[in-house]
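*Asks:* Have a look at this prediction, sequence included:
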Amino acid sequence: MAGFSVQRYAPERSTWDRLVARDSLVRRLDWPLLGSAIALSFIGSLLVWSATRGRDSLTHGDPYYFLFRHALNTGIGIALMIGTIWLGHRTLRGAVPVLYGLSVLLVMAVLTPLGATVNGAHAWILLPGGFSLQPSEFTKITIILGMAMLLAARVDAGDQLHPDHRTVAKALALAALPMIVVMGMPDLGSVMVMVVIVLGALLASGASNRWVFGLLGTGVAGAVAVWQLGLLDDYQIARFAAFANPALDPAGVGYNTNQARIAIGSGGLHGTGLFQGTQTTGQFVPEQQTDFVFTVAGEELGFLGAGLILVLLGVVLWRACRIARETTELYGTIVAAGIIAWFAFQSFENIGMTLGIMPVAGLPLPFVSYGGSSMFAVWVAIGLLQSIRVQRPITA
């Protein structure tokens, strides 16, 4: 009877333990972070739908075409986030060399006949079924993970208080290789984001400030050299010229920015109403479902709706900063810091270019703009942040 009793109750005890563990995982998730990201993706679905439903040349006559695909991209992204949390950032730490190698091969594949040019940037790989892949979006993640692995290895092991010069040099070399390839596409916007990611990782690692100032100086010198040597394409030079002088060519290279500012300015406080924007329905703003999606919010949702997007992005950054501060391992801190730098700069650049305070760089607005590669990458980043929070010691 005693043996029977043990066999009868042991499975129930094991099931209960699993339920407790699952409940603990759910409780430790950062729900404000997750809720803000989901809200941004939902708002993005409405904005993308509004921007594309009347453009038959893009939708093939189906007004729900982009709405469905954006929702599908978001669903896949959330599934990737769940998978990332399940694997855990510490498990992925051991897979970084493989992931980094794959990402470098993918960006190099863009320079082969597999690559395709979209909006002047040869940065895409066309897939069957009308889908496309932008490898540079995933390279942002592998740069973050790779630098975190190198910079934190000896510190987390207790051998050093801060990464030494040799370690920092290795981390910079790791980031430089894919950046050089992406620059050759040319995809200047993605390179700008990667540079900011590298700076964020260095600052979070506690590396000597000489490296930070040296990198900034090298970046300025490199930008001057690229300009003087004529390595930029004509359309990139024209974009910077239009940023410096918006009245230079209002019907040409400055057209996008001028129309974007008109759209945002016409929204007022409350906006014209969803699907009611004249700039949007009149199709005056190019690439409105991707790079200029914020103009739809400004025109149709007004200052209040556009402000809500800014608040939600602010919550994402705030919770990410809190996760970076509370983790007890340098590896997790650097990963979180790299994601913060990525989201903050890309959001500022995207919104700034619609307002005319930043040059047009072809960067999507995280969670909001249409695009599978971008959506998948940002949700994987949310999964990394959640994993760092879930796996931290319970001290707060």
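*Replies:* Nice, I can see it.
*Asks:* Now stretch 275-293: buried residues?
*Replies:* Buried residues in stretch 275-293, counting neighbours by 16 or more other C-beta atoms under 10 Å, are found at 277, 279-281, 284-285, 287-293. Just so you know, the C-beta spots here come from the backbone N, C-alpha and C atoms, and that holds for glycine as well.
*Asks:* For these, give me a markdown table that also has pLDDT and distance to His89.
*Replies:* Putting the buried residues of stretch 275-293 into a markdown table (pLDDT from 0 to 100; distance: C-beta to C-beta, whole Å) gives the following:
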| residue | pLDDT | distance to His89 |
| --- | --- | --- |
| Gly277 | 86 | 41 |
| Gln279 | 87 | 42 |
| Thr280 | 83 | 40 |
| Thr281 | 83 | 44 |
| Phe284 | 83 | 44 |
| Val285 | 83 | 39 |
| Glu287 | 82 | 34 |
| Gln288 | 87 | 35 |
| Gln289 | 86 | 32 |
| Thr290 | 88 | 29 |
| Asp291 | 88 | 30 |
| Phe292 | 91 | 34 |
| Val293 | 93 | 30 |
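*Asks:* for these, which one is nearest Leu304?
*Replies:* Set against Leu304, the nearest of the buried residues of stretch 275-293 by C-beta to C-beta is Gly277 (14.7 Å).
*Asks:* Now that closest one. Its backbone dihedrals?
*Replies:* phi -70, psi 130 (degrees, to the nearest 10).
*Asks:* what's near enough to touch it?
*Replies:* Gly277 is in contact with Ser50, Ala263, Ser266, Gly267, Gly271, Val296, Glu299, Glu300, counting by C-beta atoms under 8 Å, 6 or more residues apart in numbering.
*Asks:* nearest to Gly371, of those residues?
*Replies:* Val296 (15.0 Å).
*Asks:* From Val155, how far off is that closest one?
*Replies:* 45 Å (C-beta to C-beta, to the nearest Å).
*Asks:* same thing with Phe213?
*Replies:* 21 Å.
*Asks:* between the two, who's got more neighbours?
*Replies:* Val155 (21 against 10; other C-beta atoms under 10 Å).
*Asks:* what pairs with the longest strand along the chain, and is each one parallel or antiparallel?
*Replies:* In the chain, assigned by DSSP state E, the strand with the most residues is strand 121-126. Strand 121-126 has the following strand partners under DSSP bridges: strand 115-118 (antiparallel), strand 132-133 (antiparallel).
*Asks:* Tell me which of those lies nearest to Gly352.
*Replies:* strand 115-118 (22.0 Å).
*Asks:* tell me the mean pLDDT over that closest one?
*Replies:* Averaged across strand 115-118, pLDDT comes to 73.
*Asks:* for that strand, the distance to its chain's centre please.
*Replies:* Taking C-alpha atoms, centre = their mean, to the nearest Å, one finds strand 115-118 lying 20 Å from the centre of the chain it belongs to.
*Asks:* buried ones in it?
*Replies:* Buried, per 16+ other C-beta under 10 Å, within strand 115-118: Gly115.
*Asks:* same thing with stretch 103-113?
*Replies:* Per 16+ other C-beta under 10 Å, stretch 103-113 contains these buried residues: Ser103, Val104, Leu106, Val107, Met108, Val110.
*Asks:* I'd like the residues you listed as JSON lines, with pLDDT appended.
*Replies:* What follows is these, written out as JSON lines (pLDDT from 0 to 100):
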{"residue": "Ser103", "pLDDT": "92"}
{"residue": "Val104", "pLDDT": "92"}
{"residue": "Leu106", "pLDDT": "90"}
{"residue": "Val107", "pLDDT": "89"}
{"residue": "Met108", "pLDDT": "89"}
{"residue": "Val110", "pLDDT": "86"}
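*Asks:* Let's have these in JSON lines, adding distance to Trp318 and secondary structure.
*Replies:* Formatted as JSON lines, those follow (distance: C-beta to C-beta, whole Å; DSSP: H, G, I helix; E, B strand; the rest coil):
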{"residue": "Ser103", "distance to Trp318": "29", "secondary structure": "helix"}
{"residue": "Val104", "distance to Trp318": "33", "secondary structure": "helix"}
{"residue": "Leu106", "distance to Trp318": "32", "secondary structure": "helix"}
{"residue": "Val107", "distance to Trp318": "32", "secondary structure": "helix"}
{"residue": "Met108", "distance to Trp318": "37", "secondary structure": "helix"}
{"residue": "Val110", "distance to Trp318": "35", "secondary structure": "coil"}
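*Asks:* so can I have TSV of those showing distance to Leu34?
*Replies:* Shown next, in TSV, are the buried residues of stretch 103-113 (distance: C-beta to C-beta, whole Å):
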residue	distance to Leu34
Ser103	26
Val104	31
Leu106	28
Val107	30
Met108	34
Val110	32
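*Asks:* Could you list the low-confidence segments of this structure?
*Replies:* 1-23, 119-121, 128-130, 223-254, 392-396 (pLDDT under 70).
*Asks:* From Ala175, how far out is Cys321?
*Replies:* Applying C-beta to C-beta, the value for Cys321 to Ala175 is 22 Å.
*Asks:* on that earlier part again, Pro135: which of the buried residues of stretch 103-113 is nearest?
*Replies:* Among the buried residues of stretch 103-113, and counting by C-beta to C-beta, the member closest to Pro135 is Leu106, at 3.6 Å.
*Asks:* From Trp124, how far out is that closest one?
*Replies:* Taking C-beta to C-beta, one finds Leu106 at 11 Å from Trp124.
*Asks:* What of Leu133?
*Replies:* 7 Å.
*Asks:* Same question for Gly338.
*Replies:* Relative to Trp124, and taking C-beta to C-beta, Gly338 is found at 24 Å.
*Asks:* what does Gly305 give?
*Replies:* 31 Å.
*Asks:* Output stretch 344-364 in PDB with nothing but the alpha carbons.
*Replies:* Below are the C-alpha coordinates for stretch 344-364, written out as PDB (Å, rounded to 0.1, in the frame of the first residue of the first chain):
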ATOM      1  CA  ALA A 344      16.100  54.800 -29.100                       C
ATOM      2  CA  PHE A 345      18.200  55.900 -32.100                       C
ATOM      3  CA  GLN A 346      16.000  54.200 -34.700                       C
ATOM      4  CA  SER A 347      12.800  55.700 -33.300                       C
ATOM      5  CA  PHE A 348      14.400  59.200 -33.100                       C
ATOM      6  CA  GLU A 349      15.700  59.000 -36.600                       C
ATOM      7  CA  ASN A 350      12.500  57.700 -38.100                       C
ATOM      8  CA  ILE A 351      10.300  60.300 -36.400                       C
ATOM      9  CA  GLY A 352      12.900  63.000 -36.900                       C
ATOM     10  CA  MET A 353      13.100  62.500 -40.600                       C
ATOM     11  CA  THR A 354       9.300  62.900 -41.000                       C
ATOM     12  CA  LEU A 355       9.600  66.200 -39.100                       C
ATOM     13  CA  GLY A 356      12.500  67.400 -41.100                       C
ATOM     14  CA  ILE A 357      15.000  67.400 -38.100                       C
ATOM     15  CA  MET A 358      16.900  64.400 -39.300                       C
ATOM     16  CA  PRO A 359      18.000  63.300 -42.800                       C
ATOM     17  CA  VAL A 360      16.000  60.600 -44.600                       C
ATOM     18  CA  ALA A 361      17.800  57.300 -43.900                       C
ATOM     19  CA  GLY A 362      15.200  54.600 -44.700                       C
ATOM     20  CA  LEU A 363      14.800  53.300 -41.200                       C
ATOM     21  CA  PRO A 364      11.500  51.800 -40.000                       C
END
